[in-house]
Every structure is written in structure tokens, then in C-alpha cells.
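**Student:** Fold the following, please.
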Amino acid sequence: IDSPNHGTGGGDPLDDALLAESVGAAVLLVLDRLTPAERVAFVLHDVFGVSFDEIAPVLDRTVDASRQLASRARRRVQAGASPVGVDLAHHREVVQAFLTAARTGNMSALVELLDPDIVVRADDDAVRLGAPAEAHGPDSEAIRILGQARGARSAVVGGVPGAAWVVQGQVRVAFAFAVAAGRVREVALIADPDRIRALDVVLLDASP
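**Tutor:** Next up, the predicted model:
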């Protein structure tokens, strides 16, 4: 699990645009006002239903302190953008369905979850790992790349539900998703270690 104590600054404009589109600019703005620890506690508990007993070691805080962080974040979110819970829950459902289809090799279900104009973009480090810099459409190279997500783990990426490839306990590639109308519209593959740290990637499940 990557440390949640890094800031969110220094991210690539592509990552920011994807996250803004996936949950709405107003919601992203509110999330960005939270401290990294508040954001992680809130998203893990309120969106993913993770218990505070499990959240505490992720944050290196006590259970009570973790509960207080989530409570404080919840109040700030509710004051600034009341639809956030619905938006993030919808985003999570689509991402989880995508990962399930990829893991089971159900390519027809995977394609159904993709917007007809799906765009997959990779940063320079991900390109060096073999991903195309950009691919368009569900019948293109994008499908080959997204199909390889069968090995990805569920994660919180920049405070938003996403996924990550993990090698020897380290996040090698983070997936940032843009979701619209129940489908995945864009995916950013982020392999630059500095950008991964800035996104505060938190892993949510064991290796598939």
C-alpha cells in the first residue's frame, strides 16, 4: 500500500481531467480540499465500506482517529457537494464491473462497459512497458490493453475508485478511469513513480 501522506499536487493535467470528468468538477474540488488522510478515510469507509479497523493501519492512525478523519471529511463533503456519495458509488460500480469482466476474460461484457468512443492514454513510462501512447474505440488496440487488466487490483487512485498493477508489493501502473452514463469513457495508464506517489494509490484487495 502506498503511503497516504503524499500531497496531490504535481499531477499530470491528463490525470486531473480524467478524475474531474469521472466524478464532476465540483466533487473533485471538494475532495481536493480534504487532507490526504481525510480523503483516504472518507473514500475507503463511505464508498468502499472498509471498516475503521482496516483503515487505521493504512493511515498509521488509531481506529478512533481514523473515524474522526472520515467524520470530518464527510461534513466538509456534505457542505460542499452533496451528490458526492452517489457519484463516487456509481463510479465504483462501473470500475468494479470492468475489473470483474477483465479478470474473468469476459470480453463481451468488457466491451459493453466501454463507451463507443473509449480513449486509452498512457504516460511515457507506461509506453516503455508496452502500452500504446493512445488508443481509441472498443475494437482497437484499447481492448488488448484493457483486457490485460485481469491482473489489476482494486484501488483508490487520487481519491477516486480505480485500479493498479502491483509487482513485488509496489504499484507499477495506476489506472485512472473517467466514467459517464454507466460506461468507461477514458482510461489513463500511469506508470511514472512520482505521479503514482502523487495520486496516493491505496490498494483494496489481495492479488487476483
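
**Student:** Just the residues contacting stretch 139-154, thanks.
**Tutor:** Stretch 139-154 is contacted by residues 95-96, 98-99, 102-105, 107, 110-111, 114, 118-120, 122, 131-132, 135-136, 161, 163-166, 175, 187, 189, 203-208 when judged by Cβ atoms under 8 Å, 6 or more residues apart in numbering. Where C-beta positions appear, they are placed from N, C-alpha and C, glycine not excepted.

**Student:** And the residues you listed, which of them are buried?
**Tutor:** Using 16 or more other Cβ atoms under 10 Å as the burial test, the contacts of stretch 139-154 include 95, 98-99, 102, 110-111, 114, 118-120, 122, 131-132, 135, 161, 163-166, 175, 187, 189, 203-204 as buried.

**Student:** out of those, which are inside helices?
**Tutor:** Applying DSSP state H to the buried ones among the contacts of stretch 139-154, the entries found in helices are 95, 98-99, 102, 110-111.

**Student:** Could you check the pLDDT of the spatially most central residue of the chain?
**Tutor:** Nearest to the mean C-alpha position of the chain, by Cα atoms, centre = their mean, lies Gly162 at 2.4 Å. Per-residue pLDDT puts Gly162 at 90.

**Student:** what mean pLDDT does stretch 113-125 have?
**Tutor:** For stretch 113-125, the mean per-residue pLDDT is 89.

**Student:** Residue most distant from the centroid, the chain?
**Tutor:** Computed with Cα atoms, centre = their mean, the maximum C-alpha offset from the centroid of the chain is found at Asp64, amounting to 25.8 Å.

**Student:** Low-confidence ranges, this protein, go.
**Tutor:** For the chain, applying pLDDT under 70 flags the ranges 1-32, 78-87, 140, 206-208.

**Student:** re the thing from before, could I get the ones in helices among the buried ones among the contacts of stretch 139-154 as CSV with distance to Val77?
**Tutor:** Compiled in CSV, these are given as follows (distance: Cβ to Cβ, whole Å):
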residue, distance to Val77
Val95, 20
Phe98, 25
Leu99, 25
Ala102, 30
Leu110, 32
Val111, 34
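
**Student:** Out of those, which is nearest to Val43?
**Tutor:** Val95 (12.5 Å; Cβ to Cβ).

**Student:** Next, the contact list for the closest one, please.
**Tutor:** Here Val95 is in contact with 154, 161-163, 177, 179, 184 (Cβ under 8 Å, 6+ apart).

**Student:** doesn't Val179 make contact with Arg185?
**Tutor:** Yes: taking Cβ atoms under 8 Å as the definition, Arg185 is a contact partner of Val179 at 6.5 Å.
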